[in-house]
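Q: sequence? don't have it. structure:
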């Protein structure tokens, strides 16, 4: 079975994005695009958050990344304090 990309999938990401953007704009202009109400958007976000949080590995990776960034800030501040006190 061939797994070769053809058509839209074979285009570079920028070209795909450009075409998709045109389609979205055309749908909105013609009134055929769905516009989420605030309630629909909230529910979609809730569902997405619930699905993502089920993946414990993913959540752990997010936590580690946040911790590392938090400590980077601490280290940068300590270096600045050290430089100012020298």
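A: All right, it came through fine. What you see is a predicted model; the values in this text were computed from it and never measured.

Q: use CA for all of it now, contacts and neighbours both
A: Noted.

Q: Quick check: which ranges of the protein have low pLDDT?
A: The chain contains residues with pLDDT under 70 at 1-2, 73-86.

Q: can you do 90?
A: Applying pLDDT under 90 to the chain flags residues 1-6, 34-35, 51-53, 66-86.

Q: This structure: helices as residue ranges?
A: Assigned by DSSP state H, the chain shows helices spanning 13-30, 38-53, 56-85.

Q: where's residue 53 relative to residue 44, distance?
A: 14 Å (C-alpha to C-alpha, to the nearest Å).

Q: same question but for residue 55, I mixed them up
A: The gap separating residue 55 from residue 44 is 18 Å, by C-alpha to C-alpha.

Q: With neighbour numbers in mind, choose between those two.
A: Neighbours were counted for residue 55 and for residue 44 using other C-alpha atoms under 10 Å; residue 44 has more, 13 against 10.

Q: Kindly check the end-to-end length of stretch 44-61 for me.
A: OK, stretch 44-61 end separation, C-alpha to C-alpha: 23 Å.

Q: picking up where we left off before, let's have the helices of the chain in CSV, adding distance to residue 4.
A: Below are these laid out as CSV (distance: least, C-alpha to C-alpha, whole Å):
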stretch, distance to residue 4
helix 13-30, 16
helix 38-53, 30
helix 56-85, 30
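
Q: so which of the ones you listed gets nearest residue 5?
A: Of all the helices of the chain, it is helix 13-30 that lies closest to residue 5, at 12.9 Å by C-alpha to C-alpha.

Q: and the closest one, how far out from the chain's middle?
A: Mean C-alpha position of helix 13-30 versus that of the full chain (C-alpha atoms, centre = their mean, to the nearest Å) differs by 19 Å.
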